[in-house]
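[1] Build me a model from this:
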Amino acid sequence: MRFAGILFLCFLFCIAAFVGVEAYNSVSEGVTGTFSVSGQQDGTELAEARPAGTPYRLIQFDEIQPSVPCSNELDDWQPYYIVEACQSIAAGQHLAYSFTTGTETIEEIIPEESFSDLCWEAIDRAPNWLRLDLIDNLRQFETMGFLQDMIAEVILNTEDPYVDEIAFTMAHLNPGLLISGRIDWNFDIFVENVEGVYEADEYFDYVQINDYGTSEDDDYYSTTEYEMRDADGNPYTVEIDKEYYYWYIVHPRITDEIPRYINPETGSGAAPPTGRFWREYVLTSADSGYTSLQDYLSECEFMYGNLNHGTDDNGAVGRLLQWIGSVLTFDSGSERPIQPVRILAIHMGRCGEHQDLRVAAGRSALIPMLGTCSLTEDHVWNEFWSGERWIHYDGNDVDLPLVYESGWGKRFPALFNWRSDGWIWTVTDRYCAETSLLTVQVLDSEDQPVDGVKVKMLSSYLYGGLRFATCGYTNSEGIVEFDIGPEKPIYINVSGELGSYPGDPDNGVLVIEESEVGLEYEWVYNYDDAIGVYFPSDAEPPQEPDNTCKFQVDYDLLAETTYDRIFTDADFVAEVGQGQLDMFVCDAENYTLFEAGEEFEAFNFQSVTGSGIYEFVLPEEGEWLFVVSNTNNIANYQHFQADVGVYINEEEDVQPGDDVVPTEFALQQNFPNPFNGSTELSFTLAHHGQTSIAIYNVMGQLVRTERLGSLQAGTHSISLNMDELPSGVYLYELRSGEYSAVNRMLLLK
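    Now for the predicted structure:
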């Protein structure tokens, strides 16, 4: 079922006959909030309940405008030097790119990371799309470098096709559990977990794992493809996006259990073979009188039949529900386990145990699945991913999300989905026929937005008192939004770097007495303290700019992330929205003032989000710095990707250096060729990037990799010694960023 590398091998055979072929391929007491609500009801604007003594006002949120390129009449700009940037910028940090006219390079000034060379090697081996997540997680082990190195070793010692799955696991392991030692440090369980994924792929006919590329590539990944049926029984196939494969099939944690080997007889941790891991145990084990899940699903030809019940006609999705009903009695004794191994061993549980076992069973059978929770109504269930949407999954019901509201009479203030690392997101709109929108904004004492604030929503509990309903985190605008259901009181609790309000984490301030559908509620909270933000003074441009050089930055703010914990033992790094950063240009003197936290002057200051182009014509000769800053944030990271370039104006009779950096990649023929023992490889890079040379024999087998690290644009050469290899024809492949090219060489001894 797996075909990774087949196409690439064919490609290598095809090019073996050619030479030189290229592939371009605390709040203090008395702090108040403000609240407003807008919506249509009898043509009037309504003000709902708000904290006593707080004024009512309608809040206006200013949208951040995208960067607009500076206007100039020069249209003959040519690239002189370009650096590829891909960084996770922590709160309070910045990147800078220094260029001095008359030189040939840009100096990249990046935040210092306390990573060993081993860590950087592991980061380089991880897929490009995963490296920033891995960096974010490794940062959490800053005081325990040996754990960082252990994580790196696991990635480096893993063989294909498991490298991407292991790298993802290491990037999203709970730091608290690792640091405390509650997760075994030999990490064998995580290798077994990934191996179990591929073993299941060999067994089931309705699914196959597709591996795209290998660890020798930059953006390799895997995903799953399924045989499906529509409601009329017509077949079709669907391949899921990779994020669903890694998070909801591969990740070794279900919800709040610790990923470890469990003794089925006691529910306690135990070393193998007494201890069993949930993926293997749930799939293959069967007590007397029961059938294993593997056997139960063995005849399934498709994953989902788009029907609303758990029957054979609904494929593996239907059969899995039948299996859950056959192995679990809906009841509870003195024990309420959260480990799937123990749940299956005692064959008993209520909705919480059913939820955990369904997730374990679904993922063991390579069906993407997670938990959905309404804690205020004391019920939980599941959803699975169909390739197009999350589908409700509970009891014998499939895709009947409104059954709780219309059939059970439930009223949900909010519901959430539970990701394996403990991150949650609100999904109220799927389970309520109509909802309202609540926008919460958190500001400091000077009305500046505060990022990374945990905003918890609480509401009335089914059995009295208040209970947690959902949670979110503020972005750089200090905003988080919630869809809320009808006829429920809504309480809010905020906690962050500046303190908590109210001080009791299990309590909140009443912001809505009884929610009504179709309205837009807004509530603002101001801290007593200020976070202290900077805005540079505008530098005075010269009367006659030099017009020979400019910065041009093609940027993409990939994500804004936060690091925190909502539930016990569930530290996470999670995306909270679109990234936002400040950009400006300044001279060296003002850059020194900026770094010291003093007042400074800058040109073309912009707060940007999304994607765009930032341009600034350098006003005169000297040293200039383009700065990308996350200094005004106090918690959130920003994932930043860009091509940072210096361009020259060919109409001007001034050249910054002797040679313009090439705008195309090239791989030259090795010299000498044929060769005995050693030879020189030369190549040209158009952009700065991570670069490597891979050597293959004529059978397409990788025999050696030369990792050259991050190289600047320009022409490079390396000496390659191949004394340890036998005579014959070899292929050498240059990889840098998205570029690759292949040539042939002959070793004669």
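
[2] nearest spatial neighbour of the residue most central in space within the chain, skipping sequence neighbours?
    Closest to where the C-alpha atoms of the chain average out (Cα atoms, centre = their mean) is Asp133, at 5.8 Å. Spatial nearest neighbour of Asp133, excluding adjacent residues (Cβ to Cβ, 6 or more residues apart in numbering): Ala171 at 4.4 Å. For every residue, glycine as well, the C-beta is placed using N, CA and C.

[3] Next: Val617.
    Nearest to Val617 is Lys550, by Cβ to Cβ, 6+ apart, at 4.3 Å.

[4] same deal with Met722?
    Using Cβ to Cβ, 6+ apart, the nearest residue to Met722 is Leu747, at 5.6 Å.

[5] Next: Tyr461.
    Arg467 is the one closest to Tyr461 (Cβ to Cβ, 6+ apart), at 3.8 Å.

[6] for Val83, which residues make a bridge with it?
    Val644 (DSSP bridges).

[7] separation between it and His94?
    With distances taken as Cβ to Cβ, to the nearest Å, Val83 is found 15 Å from His94.

[8] hang on, the earlier thing: for the residue nearest to Asp133, grab the count of nearby residues.
    24 (other Cβ atoms under 10 Å).

[9] Likewise for Leu685?
    Neighbours of Leu685 (other Cβ under 10 Å): 24.

[10] give me phi/psi at it?
    Per-residue torsions, Leu685: phi -110, psi 130 (degrees, to the nearest 10).

[11] Could you give the secondary structure assignment for Leu344?
    helix (DSSP: H, G, I helix; E, B strand; the rest coil).

[12] and if you look at Ala200?
    Assignment for Ala200 (three-state DSSP): helix.

[13] Just to check, the residue nearest to the centre of the chain is in contact with Ala574?
    No - using Cβ atoms under 8 Å, Asp133 makes no contact with Ala574, being 10.0 Å away.

[14] that older thread, so who does the residue nearest to Asp133 touch?
    By Cβ atoms under 8 Å, 6 or more residues apart in numbering, Ala171 lies in contact with 126, 130, 133-134, 136-137.

[15] Just read off the phi/psi values of it.
    phi -70, psi -20.

[16] cool, and Val403?
    Per degrees, to the nearest 10, the backbone of Val403 is at phi -60, psi -30.

[17] ok, it - contacts?
    Asp397.

[18] mind checking how far it is from Cys373?
    The gap separating Val403 from Cys373 is 16 Å, by Cβ to Cβ.

[19] go on, Gly645?
    According to Cβ to Cβ, Gly645 and Cys373 sit 48 Å apart.

[20] show me the contacts for the residue lying closest to Thr474 once chain neighbours are set aside.
    Using Cβ to Cβ, 6+ apart and skipping the chain neighbours, the partner closest in space to Thr474 is Val453 (4.4 Å). Counting by Cβ under 8 Å, 6+ apart, Val453 touches 442, 473-474, 478, 480, 494-498, 635.

[21] Buried subset of those as a ChimeraX selection?
    With 16 or more other Cβ atoms under 10 Å as the criterion, this ChimeraX line picks the buried residues out of those:
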select :442,473,474,478,480,494,495,496,498,635
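
[22] List the ones among the contacts of Val453 that fall in strands.
    Of these, the ones assigned to strands by DSSP state E are 442, 473, 480, 494-496.

[23] Out of those residues, which comes closest to Ser116?
    Tyr473 (30.6 Å; Cβ to Cβ).

[24] check contacts around that closest one.
    452-455, 480, 562, 564, 574, 576, 636.

[25] next one: Phe605
    535-536, 538, 582-584.

[26] For the stretch 151-300 of the chain, just list every one of the strands.
    Applying DSSP state E, counting those that start in this stretch to the stretch 151-300 of the chain gives strands spanning 207-212, 221-229, 235-239.

[27] which regions of the stretch 101-250 of the chain sit below the pLDDT cut-off?
    104 (pLDDT under 70).

[28] can you map out the helices along it?
    Using DSSP state H, counting those that start in this stretch, the helices of the stretch 101-250 of the chain run over residues 117-125, 131-138, 145-157, 163-171, 175-180, 188-203, 242-245.
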